[in-house]
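1. compute the structure for the input listed below.
(one chain, ligands or ions: 1)
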Amino acid sequence: MGKIDRYSRQILFQPIGEEGQQLLASKRVLIVGMGALGTVLANHLVRAGVGHVRFADRDYVEKSNLQRQMLFDEDDVSEALPKAIAAQKRLQKINSDVTVEGIVTDVTLQNIAELMEGVDLVLDGTDNFQTRFLINDACYKNGIPFVYGGAVSSRGMSAIFIPGVTPCLRCFIGGGNTTGQTCDTIGVISPVIDIVASFQTIEALKYLTNNHDVQRKSLITFDLWKHHIYEMKFTKSKENCPTCSLHEYPALQGDVEQSVTSLCGRETVQINMGQKLNLDDWADRLSKIGEVTKTPFLIRVQLSEGERLVLFPDGRTLIQGTEDISRAKSLYARYIGL
Ligand SMILES: [Zn+2]
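-> Presented below is the predicted three-dimensional model:
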């Protein structure tokens, strides 16, 4: 009775109905990242009655998150709560019928299989392509669909990728194209987040309620400020796609993890993504976020978070002021882009 009340408007929506509602209650999803996209995704899915919503995030709540990360408030900032914990508390209050499982962790090659265990669908709430390719490859290897979403500035994109049915993320986006254009360098406005996450949620709801015939088969991209919308229709997988054609799953091969090293006793983590860095370009980009010191051999930028980044032309970046690898990766993703 109470349950019918709660979901009455959703049950009245014919393509879902009572049968769809029961299906939702029986499903498990994993959301990777509980930042801007993750909070909107989790809010929708928990309210919709998805039976088990698991999510993982490595960061804690900061003041600059409140503009767009809708599950957090000023108390979470002053307590510096991990996002996964703050979100779990909030979501469980919103719907006590469903299981909400927040996990504080960096999602890596080592733990992604465990995090994905038993889930029907994975949703991308990350801010970097390193983790997205890891999700893509792990999902295609295990036959689990994933819903991609990305947002920066006033632009967003989204698609559902279904192993054996559609091409994968790698068929559209090549690896290693770091441009420094992240939400922390050129910003993002919150309506873009809501729309990307809503596009993701729609495909998730269709998938979880077995409405597979109406699943959107395209990568949608838009610029909300300019009101441009563009849809790239899915065709076949790329012949040489290492994931969905060759089944090599490069992100599961371990190369990337080896590129991150904590330099013991120096409060420094080194990340080397193997891509040369043009110091002039990076000095220019990073000057927008902090004071930059440039020498012929390196550039150094003082971050407002307290740490310093030191970039070398051979592709190495040092994150000084922390020994915590996940913190360092998080700052790297924020300012350099993975
Ligand atoms: Zn592919």
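2. how many neighbours does I325 have?
-> Using other C-beta atoms under 10 Å, I325 has 18 neighbouring residues. Bear in mind the C-beta positions are built from the backbone N, C-alpha and C, glycine included.
3. what's near enough to touch it?
-> Contact analysis of I325 by C-beta atoms under 8 Å, 6 or more residues apart in numbering lists D106, V260, S262, V269.
4. let's go with 6 Å and repeat that
-> Contacts for I325 (C-beta atoms under 6 Å, 6 or more residues apart in numbering) come out as V260, S262, V269.
5. if I look at it, how far off is the ion?
-> 29 Å (C-beta to the ion, to the nearest Å).
6. where does the most centrally placed residue in the chain land in three-state SS?
-> The residue lying closest to the centre of the chain (C-alpha atoms, centre = their mean) is T126, at 1.2 Å. Three-state call for T126 (DSSP: H, G, I helix; E, B strand; the rest coil): coil.
7. residue numbers of the stretch 151-300 of the chain in contact with the ion?
-> Residues of the stretch 151-300 of the chain lying near the ion by C-beta under 5 Å from the ion: P167, C168, R170, C171, S237, C241, T243, C244.
8. which one is P15 nearest to, not counting chain neighbours?
-> Once flanking residues are discounted, P15 sits nearest to N211: 5.4 Å by C-beta to C-beta, 6 or more residues apart in numbering.
9. coming back round to it: which among the residues of the stretch 151-300 of the chain next to the ion gets closest to G187?
-> For those, the minimum distance to G187 (C-beta to C-beta) is 27.4 Å, reached by R170.
10. grab the nearest non-local neighbour of that closest one.
-> Among residues not flanking R170 along the chain, T243 sits closest, at 4.9 Å (C-beta to C-beta, 6+ apart).
11. check what pLDDT that neighbour gets.
-> Turning to T243, the model gives it a pLDDT of 96.
12. and it, how many residues sit next to it?
-> T243 has 26 nearby residues by other C-beta under 10 Å.
13. what's it sitting at in phi/psi?
-> phi -90, psi -60 (degrees, to the nearest 10).
14. next: L318.
-> Dihedral angles (degrees, to the nearest 10) for L318: phi -100, psi 140.
15. over to T295?
-> Backbone torsions for T295, taken as degrees, to the nearest 10, come to phi -120, psi 170.
16. so how many other residues sit close to it?
-> Residue neighbour count, defined by other C-beta under 10 Å, stands at 8 for T295.
17. how much space between it and the ion?
-> From T295 across to the ion, the span is 42 Å (C-beta to the ion).
18. for the residues of the stretch 151-300 of the chain next to the ion, which one is nearest P296?
-> R170 (37.0 Å).
19. ranges for the helices of the stretch 151-300 of the chain?
-> Along the stretch 151-300 of the chain, the segments classed as helices by DSSP state H, counting those that start in this stretch run 190-208, 279-286.
20. which of those helices sits most buried?
-> Highest mean neighbour count of those: helix 190-208, a mean of 21 (counted as mean count of other C-beta atoms under 10 Å).
21. by contact count, what packs against that one?
-> Counting contacts by 3 or more C-beta pairs under 6 Å, 6 or more residues apart in numbering; DSSP states H and E, helix 190-208 packs against helix 36-48, strand 121-124, strand 146-152, strand 155-161.
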